[in-house]
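S.K.: Provided below for reference: sequence and predicted model.
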Amino acid sequence: MTARDVAVLVGSLRKESFNRKTAKALAAMAPSGLALEIVEIRDLALYDEDAETNPPAPWITFRDRVRRADAVLFVTPEYNRSVPGCLKNAIDVGSRPYGKSVWAGKPGAVVSVSPGAIGAFGANHHLRQSLVFLDVPVLQQPEAYIGGANKLFDAEGKLTSDSAREFLGKFLAAFAAWIEKIKG
């Protein structure tokens with residue numbers, strides 16, 4: 001069986017962000033049925049409908065990459081009780097032009113990551129609101145709020161917490177089952 005291709009969008013542009021470290025840890029520990037790949041959003045120009053007549057090359061590349069994925073995984077921090085602007089922009093770029101969304105029907109999941117105690121709960125739920133509109137069936141359980149992220153990684157960015165590793169392993173197994181349920 002070919003592994004399901006999962007496009008991973010990281011909502012932080014910082015190279016050493018806890019979200020990027022979490023995304024890399026998830027990719028490294030993914031079960032054999034999933035192949036997780038980070039899809040970069042850094043070079044996406046702000047969405048502007050006027051640019052649709054001649055869309056920027058990074059938009060086309062991004063849309064094509066997400067379109068061919070079997071599923072999407074969002075790994076996001078929380079900025080002001082919501083998702084970072086760069087992630088919202090990527091969602092907007094992928095949802096346009098109207099009627100040609102790359103998101104529709106694609107199984108999804110959300111992991112929110114923060115040094116704070118509530119694990120970016122606000123961003124997680126705010127993102128889910130957008131995904132409902134975009135017709136992304138999102139994994140409901142287990143919910144993934146990763147708090148205390150500043151204590152989970154070593155200096156090389158490797159996940160050192162056994163409990164976090166165990167939880168994320170269960171999360172990935174549930175996500176793999178969710179993808180199969182949705183994709184058939």
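M.R.: It's in. In this text the structure is predicted, and so the values were computed from the model without any measurement.
S.K.: Show the contacting residues for Phe153.
M.R.: 18, 21, 159-160 (CB atoms under 8 Å, 6 or more residues apart in numbering). C-beta here means a position set from N, CA and C on the backbone, and glycine is covered the same way.
S.K.: can you rerun that using 10 Å?
M.R.: Contacts here follow CB atoms under 10 Å, 6 or more residues apart in numbering; on that basis Phe153 touches 16, 18, 21-22, 24-25, 159-161, 164.
S.K.: So which of those residues are in helices?
M.R.: Under the assignment DSSP state H, the contacts of Phe153 contribute 18, 21-22, 24-25, 164 to helices.
S.K.: For these, pick the one with the most neighbours.
M.R.: Thr22 (28 neighbours; other CB atoms under 10 Å).
S.K.: Surely that residue is in contact with Ala149?
M.R.: Yes - contact criterion CB atoms under 10 Å: Thr22 and Ala149 qualify, at 7.0 Å.
S.K.: Now do the shared contacts for the two.
M.R.: In contact with both Thr22 and Ala149: 77, 112-113, 164, using CB under 10 Å, 6+ apart.
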